[in-house]
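*Asks:* I would like the atomic coordinates for the input below:
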Amino acid sequence: MSNNDEQAFTLDPWRSLSQFTTARIALGRAGMSLPTRACLEFQLAHAQARDAVHIPLDFAGIALRLNARGCPTQTLQTQAENRSLYLQRPDLGRLLSASALECLQPGPADAVVVVADGLSSKAIAHHAVAFLDLLLPQLQANGYQLPPVCLVQHGRVAVGDVIAEHYKARLCIVLIGERPGLSSPDSMGIYYTYQAKSGISTDADRNCISNIHHNGLSYEQALKKLLFLIEASERLRLSGVNLKDETTEAGLENNQQGNFLLD
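*Replies:* Here you go, the predicted model:
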């Protein structure tokens with residue numbers, strides 16, 4: 001855009017505030033409309049959000065990266081056989097297919113770690129392996145027996161309940177791609193459930209750590225929150241609405257600036 005184009009629209013008096021947030025504020029105007037740049041940036045963000053939902057996740061690539069770190073994996077499929085069915089039938093994304101149930105390795109475990117594509121393949125592709133590099137050594141150091149990391153295609157949060165019940169695991173940790181926003185198409189969420197049971201556990205029984213991406217919650221901050229929840233849940237024998245996240249960290253608000261605004 002040339003300098004003349006820049007001067008063709010009216011600047012917003014709040015423009016200086018845009019340095020503190022990725023939210024769409026103080027865009028200015030050209031006549032009665034938005035400036036061309038703002039319109040194009042919106043269209044780009046919308047396209048990136050749609051891509052995050054529809055582009056398939058490279059599960060084989062994630063498995064290779066984790067295997068190279070000495071972390072075994074198992075790739076599973078839900079009853080949602082394709083992306084279209086997954087989006088239309090959320091219930092099928094909560095259930096493993098018959099073949100996936102047969103593929104689950106035997107043996108009890110203390111905790112299960114599930115990685116599901118959810119509504120943003122970009123989120124898992126960008127953040128899951130890096131976060132697991134921090135999480136898995138901590139769980140092992142704390143003495144938790146873990147089965148292979150479960151990579152679930154077309155998975156919803158509750159699919160972790162099925163896996164946790166299979167392994168009779170106390171702890172269920174699900175990494176999943178969150179619904180993409182127009183300022184964060186690659187946001188990852190972590191859902192934690194204590195004593196998860198298939199068909200019984202509800203959203204009220206879970207704790208959520210949300211907004212994990214480069215402009216949001218850092219991996220280290222998310223890990224701190226998750227470890228606090230694990231320790232507290234083991235002591236209180238519960239999770240969900242009755243388990244409060246009491247972690248604090250200076251500057252946390254600054255790292256989450258604006259990501260839920262105007263999306």
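
*Asks:* ranges for the helices of the chain?
*Replies:* Secondary structure of the chain by DSSP state H: the helices cover 3-7, 36-54, 59-68, 83-88, 98-103, 121-141, 159-167, 219-236, 252-255.

*Asks:* Where does pLDDT dip in this structure?
*Replies:* By pLDDT under 70, the low-scoring segments of the chain are 1-8, 248-263.

*Asks:* how does it divide up, domain by domain?
*Replies:* With domains defined by automatic domain parsing, the chain comprises 3-53, 57-255.

*Asks:* Could you pull up the contacting residues of residue 129?
*Replies:* 62, 65-66 (Cβ atoms under 8 Å, 6 or more residues apart in numbering). Yep, even glycine has a C-beta here, placed from its N, CA and C like the rest.

*Asks:* Residue 131 too?
*Replies:* 175, 188, 190, 212, 219, 222-223.

*Asks:* Give me the residues contacting stretch 26-44.
*Replies:* 1, 5, 8-18, 24, 182.

*Asks:* May I see the PyMOL selection of the buried members of these?
*Replies:* In PyMOL, this line selects whichever of the contacts of stretch 26-44 come out buried by 16 or more other Cβ atoms under 10 Å:
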select buried, resi 9+24+182
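
*Asks:* biggest separation within the contacts of stretch 26-44, which pair?
*Replies:* Pairwise distances across the contacts of stretch 26-44 peak at 24.7 Å for 8 and 182 (criterion: Cβ to Cβ).

*Asks:* Mean neighbour count, the domains of the chain: which tops it?
*Replies:* domain 57-255 (a mean of 19; mean count of other Cβ atoms under 10 Å).

*Asks:* Just confirm residue 24 contacts residue 182, I think it does.
*Replies:* Yes - under the criterion of Cβ atoms under 8 Å, residue 24 makes contact with residue 182 at 7.2 Å.

*Asks:* on that earlier part again, which ones among the contacts of stretch 26-44 lie within strands?
*Replies:* Counting by DSSP state E, no part of the contacts of stretch 26-44 is found in strands.

*Asks:* Of the contacts of stretch 26-44, which is the nearest to residue 134?
*Replies:* residue 182 (28.5 Å).

*Asks:* What does that closest one show for phi and psi?
*Replies:* phi -80, psi -10 (degrees, to the nearest 10).

*Asks:* The closest residue in space to it that isn't next to it in sequence and residue 183, how far apart?
*Replies:* Closest residue in space to residue 182, ignoring its immediate chain neighbours: residue 45 at 4.3 Å, by Cβ to Cβ, 6 or more residues apart in numbering. Using Cβ to Cβ, to the nearest Å, residue 45 is found at 7 Å from residue 183.

*Asks:* now swap in residue 82 and tell me
*Replies:* 29 Å.

*Asks:* next one: residue 173
*Replies:* Residue 173 is 26 Å from residue 183, by Cβ to Cβ.

*Asks:* that older thread, any chance of the contacts of residue 129 in JSON lines with distance to residue 120 as columns?
*Replies:* Output for these, formatted as JSON lines (distance: Cβ to Cβ, whole Å):
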{"residue": "62", "distance to residue 120": "14"}
{"residue": "65", "distance to residue 120": "18"}
{"residue": "66", "distance to residue 120": "19"}
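
*Asks:* For residue 168, state which of these is nearest.
*Replies:* residue 66 (23.5 Å).

*Asks:* Let me see the contact set for the closest residue to that closest one other than its chain neighbours.
*Replies:* For residue 66, ignoring the flanking residues on the chain, the nearest one in space by Cβ to Cβ, 6+ apart is residue 73 at 5.2 Å. By Cβ under 8 Å, 6+ apart, the contact list for residue 73 reads 62-63, 66-67, 148-151.
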